[in-house]
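Need the 3D shape of this:
(2 chains)
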Amino acid sequence: MPSLDDLKKRISSVKSTQKITKAMKMVAAAKLRKAQESAQQGRPFSEKMNNIILNLNSSVSDKSSAPKLLVGTGKNDIHLCVVITADRGLCGGFNTNICKKAKNFFERILKEGKQLKIITVGSKGHDQLKRTYGQYVVEKINLKNIKKINFDEAEKIGQIILKLFNESKFDICTIFYNKFKNVITQIPQEQQIIPAQQENKEKKDEKDSFFEFEPEEEEILYNLLPKNISTQIFKALLENAASEQGSRMTAMDNATRNAGDLVDKLTINYNRSRQAAITKELIEIISGAESL
Amino acid sequence: MESNFKTEIISPEEIIYSGDVEEVVVPGIEGEMTILSGHIPLITFLRPGFILINNKNEEKYFVEDGVVEFYENKLTILSSNIKRFKEITKDYISLVSEKTTNRLKEKNIDDKEKYILDYKMDILNNLNI
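As a prediction, the model looks like this:
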């Protein structure tokens, strides 16, 4: 049975923890709104970009001469995985979920006897992956000092990937990030960006519109595809930022509530033992008086 | 024949312009072009220059690069480096010119890129704000 003093200390310590989590929740909520807005505003760009590439792709007549970024190198021996996580912790299962997804993927790749290369974006992901997969990490990037993500950051990461691709250091590139669905749910995603995946290609093909191209289709594709990589990464970064704040908000909300429960429990405990001490003293006094 | 078409200018961060317009002038990579309603489907690149949107009041944007798609009477301009003409400041110009000159100094650029960068510098130098 802890003494009264101990209980008092514990209550005040839990209370101050609760204050911190509450403050973090508020901050996350405020940041979430901003991040959500920018994620939503970033969506049209990447969608349109995808559309244009689809249109281009359906008009390129000779598939064999198409850029490698679009059709791939024809092999799938070396996989490059870009794992995008947060730079800060205390956001629930956010980082762990991405890493889990990525680890599953890594296992599969390694089991098939293929080579693996990893780029981590965000320090938390690197911390989680380095123990098992440290030897595969070729590059680690952190965005700790960047307050607001803008396109330049995405472009830098894109440049690194493209440089590796042009040196034919890998065949297939996949990115891992959390897609922001709503405040409570974030879905870890894997998305293949090189070669570009066309999910809804069929739909577009029917229309088969004849575009006028200036310059030639191939040339446009050559210039546009690298841009598309950066765009996809930018989208992932934005979604991730929003997810991080959402995840942190829910985690901190839970923490605050748990701290509240704990304080209640401890307070009851404290009151009971205080009462017990008083009763004990009373009994001592009474029995002392009786014996006189 | 006077009819309007929908125009959107989108940057990675936001939708910069959206609305019905009569006429848009874009600096295409092979020359300036005016787009009116009913233009045939078109995809082209932009070179550094100005986008002019002709509506009731004219709007002007400075772009460094980008892609234009015109499809089913809808014009979409995607650009990661775009600025409203009114919002251009001296700082912005010097920032862009610095980037451009740095790139020009590098060795691994081909003639085409050099031409475009030179062209961009010309435009920047002729801007007087």
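
Please list the residues of chain A that sit near chain B.
Within chain A, the positions adjacent to chain B are A:38, A:41-42, A:44-46, A:48-49, A:51-52, A:55-56, A:150-151, A:154-155, A:209-215, A:220, A:223-224, A:227, A:230-231, A:234 by C-beta under 8 Å from any C-beta of the partner chain. From N, CA and C alone the C-beta is placed, and that goes for glycine too.

Do a quick rundown of the helices in chain B.
Remark: helices assigned in chain B by DSSP state H are B:90-105, B:111-126.

Now that we have these, can you turn them into JSON lines and tack on mean pLDDT?
Formatted as JSON lines, the helices of chain B follow (pLDDT from 0 to 100):
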{"stretch": "helix B:90-105", "mean pLDDT": "85"}
{"stretch": "helix B:111-126", "mean pLDDT": "83"}
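
Turn those helices into CSV, columns for distance to A:Phe180 and mean neighbour count.
What follows is these, written out as CSV (distance: least, C-beta to C-beta, whole Å; neighbours: other C-beta atoms under 10 Å in any protein chain shown):
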stretch, distance to A:Phe180, mean neighbour count
helix B:90-105, 31, 13
helix B:111-126, 36, 14
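
Just send those back as a markdown table, with distance to A:Ile193 too.
Output for these, formatted as a markdown table (distance: least, C-beta to C-beta, whole Å):
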| stretch | distance to A:Ile193 |
| --- | --- |
| helix B:90-105 | 25 |
| helix B:111-126 | 24 |
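
to the chain's geometric centre, what's the distance from stretch A:170-183?
Relative to the centre of its chain, stretch A:170-183 is centred 8 Å away, using C-alpha atoms, centre = their mean, to the nearest Å.

ok, and for that stretch, which residues are buried?
For stretch A:170-183, burial by neighbour count (16 or more other C-beta atoms under 10 Å in any protein chain shown) applies to A:Phe170, A:Asp171, A:Ile172, A:Cys173, A:Thr174, A:Ile175, A:Phe176, A:Tyr177, A:Asn178, A:Lys179, A:Phe180, A:Val183.

C-alpha coordinates for that stretch, PDB please?
Output of stretch A:170-183 as PDB, limited to C-alpha atoms (Å, rounded to 0.1, in the frame of the first residue of the first chain):
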ATOM      1  CA  PHE A 170      16.900  -0.500 -59.700                       C
ATOM      2  CA  ASP A 171      14.100  -1.700 -61.800                       C
ATOM      3  CA  ILE A 172      10.900  -1.100 -59.800                       C
ATOM      4  CA  CYS A 173      10.200   1.600 -57.300                       C
ATOM      5  CA  THR A 174       7.500   1.500 -54.700                       C
ATOM      6  CA  ILE A 175       6.500   4.100 -52.200                       C
ATOM      7  CA  PHE A 176       5.000   3.500 -48.800                       C
ATOM      8  CA  TYR A 177       2.900   6.100 -47.100                       C
ATOM      9  CA  ASN A 178      -0.300   6.600 -45.100                       C
ATOM     10  CA  LYS A 179      -3.300   7.700 -47.000                       C
ATOM     11  CA  PHE A 180      -5.500  10.100 -45.100                       C
ATOM     12  CA  LYS A 181      -9.000   8.800 -45.100                       C
ATOM     13  CA  ASN A 182     -10.300  10.700 -42.100                       C
ATOM     14  CA  VAL A 183      -9.100  11.700 -38.700                       C
END
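
For burial, what's the neighbour tally of the residue nearest to B:Lys74 when sequence neighbours are not counted?
Excluding its sequence neighbours, the residue lying closest to B:Lys74 (C-beta to C-beta, 6 or more residues apart in numbering or on different chains) is B:Lys6, at 4.8 Å. B:Lys6: 14 surrounding residues under other C-beta atoms under 10 Å in any protein chain shown.

which residues does B:Lys6 bridge with?
Beta bridges link B:Lys6 to B:Asp20, B:Lys74 when assigned by DSSP bridges.

doesn't B:Thr76 make contact with it?
No - assessed by C-beta atoms under 8 Å, B:Lys6 is found out of contact with B:Thr76, at 9.0 Å.

so where's chain B shaky on pLDDT?
B:1-2, B:129 (pLDDT under 70).

Close to chain A: what parts of it are there?
B:8, B:10-15, B:28-30, B:40-45, B:67, B:69, B:71, B:76, B:78, B:80.

and the residue nearest to B:Lys74, what does it touch?
By C-beta atoms under 8 Å, 6 or more residues apart in numbering or on different chains, B:Lys6 lies in contact with B:Ser18, B:Gly19, B:Asp20, B:Val21, B:Asn73, B:Lys74, B:Leu75.

just B:Ile40 next, same as before
The contact partners of B:Ile40, taken as C-beta under 8 Å, 6+ apart, are A:Glu212, B:Phe70.

Fine, thanks again, bye for now.
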